[in-house]
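Asks: Sequence plus predicted model, see below.
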Amino acid sequence: MSMPLPIDVVVLASSEAGLHGVRKVSGLKRPGVSPRYLMATIERSDKFSSFSSIDPSGIGFWIALDQPSKLKCQETVARLQSDTQYSRGFYDVHLPDPVAIATDVADLQRIVDDVWEAFCATS
């Protein structure tokens with residue numbers, strides 16, 4: 001069995017308040033080799049990374065927690081996809097839509113589970 005392909009995932013909210021319930025989601029921190037999740041906000045935050053500090057070319061999947069975040073993620077992905085050299089590798093197949101929106105904790109849990117399944121499928 002080969003190693004799964006690494007994937008970095010951004011969970012983006014407009015503000016710190018939007019990331020409040022995220023800690024309830026299982027699978028965001030797994031031991032060993034697993035997807036790496038980065039919590040970020042559009043607004044400046046002392047607790048979380050700022051969207052503007054993220055190198056989007058290294059991100060394989062985007063999870064938006066509200067409408068402004070979804071738009072920001074979609075704009076970023078559109079800019080990346082305009083480069084003919086851009087590819088997410090096997091994740092283009094296993095997670096065909098690079099942006100997902102989670103409207104509540106249950107949605108977020110489902111998306112995190114989908115990312116885990118895609119991660120495992122790349123090995």
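Replies: Great, that's in hand.
Asks: Neighbours of Met39, how many?
Replies: 21 (other C-beta atoms under 10 Å). Any C-beta I mention is one placed from the backbone N, CA and C, and that applies to glycine too.
Asks: contacting residues for it?
Replies: 11, 13, 19, 22, 48-49 (C-beta atoms under 8 Å, 6 or more residues apart in numbering).
Asks: Quick check: PyMOL command selecting the buried ones in those.
Replies: Selecting only the buried entries of those in PyMOL, with 16 or more other C-beta atoms under 10 Å as the criterion:
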select buried, resi 11+13+19+22+48
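Asks: Among the contacts of Met39, pick out the one closest to Phe90, please.
Replies: Val11 (21.3 Å; C-beta to C-beta).
Asks: Quick check: which element contains the closest one?
Replies: strand 8-13 (DSSP states H and E).
Asks: Return the distance of that strand from the chain's centre.
Replies: 4 Å (C-alpha atoms, centre = their mean, to the nearest Å).
Asks: how far away is His94 from Thr76?
Replies: Distance, His94 to Thr76, by C-beta to C-beta, to the nearest Å: 20 Å.
Asks: An error on my part: the question was meant for Asp97.
Replies: Taking C-beta to C-beta, one finds Asp97 at 14 Å from Thr76.
Asks: who's more crowded, those two?
Replies: Between Asp97 and Thr76, counted using other C-beta under 10 Å, Thr76 has the larger neighbour count: 20 against 9.
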